[in-house]
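Student: Take a look and give me a structure for this.
(2 chains)
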Amino acid sequence: GENVEQHPSTLSVQEGDSAVIKCTYSDSASNYFPWYKQELGKRPQLIIDIRSNVGEKKDQRIAVTLNKTAKHFSLHITETQPEDSAVYFCAASIQGAQKLVFGQGTRLTINP
Amino acid sequence: NAGVTQTPKFRVLKTGQSMTLLCAQDMNHEYMYWYRQDPGMGLRLIHYSVGEGTTAKGEVPDGYNVSRLKKQNFLLGLESAAPSQTSVYFCASSPHTDTQYFGPGTRLTVL
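Tutor: Numbering: from 1, shown residues only, chains lettered A, B, ... in the order given. This is a model prediction of the structure:
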């Protein structure tokens, strides 16, 4: 089955700097890759997603890139702010399977 | 719309006790899921349902049962709780688009 590895497990950056979180997946049939943000004590919430027919997608300060050949995708956050501090999860899904396989999560801390 | 709701929010059980967690969604979604979240382990799928009356096993189904008698509800049962089932449980639902919407979670402690 699908396996998703996420790195790093913790990441600390200065406010205003950029943060990058990377995930690799094992099943080349995977074609949907969402990213979720989970603030302390709250539910995971979708922040951005990408499908395999697109190489990059941006939404204001966040972007996701996908390399199908290497089977990895990354979340990029620019101009980080204190409210970006949270745990971020990547996931992968095979079309039609209707199941997501999640990475282990990255705890991002933005230092003022 | 309330979205996805879960009851209860918190529960403490003794080993061997049983309980049922309720997930409800008002978005008319076909698919519903139960996950558990443990530190450093991400979200692991317990059971899921692709429609009313259907259920299927996920990654970690042992010790849990589920039922989807109504489209809007998905129940997770623990017949004989064990300390290893101490976790935060999240329900999620999805339309036919892969995107999943999560409930607020239930924090369960088994003593």
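
Student: Near chain B, which residues of chain A are found?
Tutor: A:6, A:9, A:32, A:34, A:36, A:42-46, A:49, A:89, A:93, A:95, A:98-105 (C-beta under 8 Å from any C-beta of the partner chain). Every C-beta, even on glycine, is put in place using the N, C-alpha and C of the backbone.

Student: I only care about the residues you listed that end up buried; give me the PyMOL line for that.
Tutor: Remark: buried members of the residues of chain A next to chain B, expressed as a PyMOL selection using 16 or more other C-beta atoms under 10 Å in any protein chain shown:
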select buried, chain A and resi 6+32+34+36+43+44+49+89+93+98+99+100+101+102+103+104+105
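
Student: how far away is B:His47 from chain A?
Tutor: Using C-beta to the nearest C-beta, to the nearest Å, we find B:His47 at a distance of 11 Å from chain A.

Student: residue closest to the middle of chain B?
Tutor: Geometric centre of chain B, nearest residue: B:Trp34, 3.1 Å, by C-alpha atoms, centre = their mean.

Student: is it true that it touches B:Phe74?
Tutor: Yes - contact criterion C-beta atoms under 8 Å: B:Trp34 and B:Phe74 qualify, at 6.8 Å.

Student: Spit out the residues that contact those two alike.
Tutor: By C-beta atoms under 8 Å, 6 or more residues apart in numbering or on different chains, B:Trp34 and B:Phe74 have these common neighbours: B:Cys23, B:Val66, B:Cys91.

Student: Surely the second one is in a helix?
Tutor: When you say that, I think you mean B:Val66. No - counting by DSSP: H, G, I helix; E, B strand; the rest coil, B:Val66 falls outside a helix, being strand.

Student: Would you enumerate the residues in contact with it?
Tutor: By C-beta under 8 Å, 6+ apart, the contact set of B:Val66 is B:Trp34, B:Ile46, B:His47, B:Ser49, B:Thr55, B:Phe74, B:Leu75, B:Leu76, B:Gly77.

Student: If you count neighbours, what's buried in stretch A:46-53?
Tutor: For stretch A:46-53, a neighbour-count test (16+ other C-beta under 10 Å) marks A:Ile47, A:Ile48, A:Asp49, A:Ile50, A:Ser52 as buried.

Student: of the contacts of B:Val66, closest to chain A?
Tutor: B:Ser49 (9.8 Å; C-beta to the nearest C-beta).

Student: and the nearest residue to that closest one once chain neighbours are set aside, how many neighbours?
Tutor: Nearest in space to B:Ser49, with sequence neighbours left out and distances taken as C-beta to C-beta, 6 or more residues apart in numbering or on different chains, is B:Arg68 at 4.2 Å. Neighbour count for B:Arg68, taken as other C-beta atoms under 10 Å in any protein chain shown: 20.

Student: Quick check: B:Arg68 touching B:Met32?
Tutor: Yes - B:Arg68 is within contact range of B:Met32, at 6.6 Å (criterion: C-beta under 8 Å).

Student: anything in contact with each of these two?
Tutor: With C-beta under 8 Å, 6+ apart, B:Arg68 and B:Met32 have common neighbours B:Ser49, B:Phe74.
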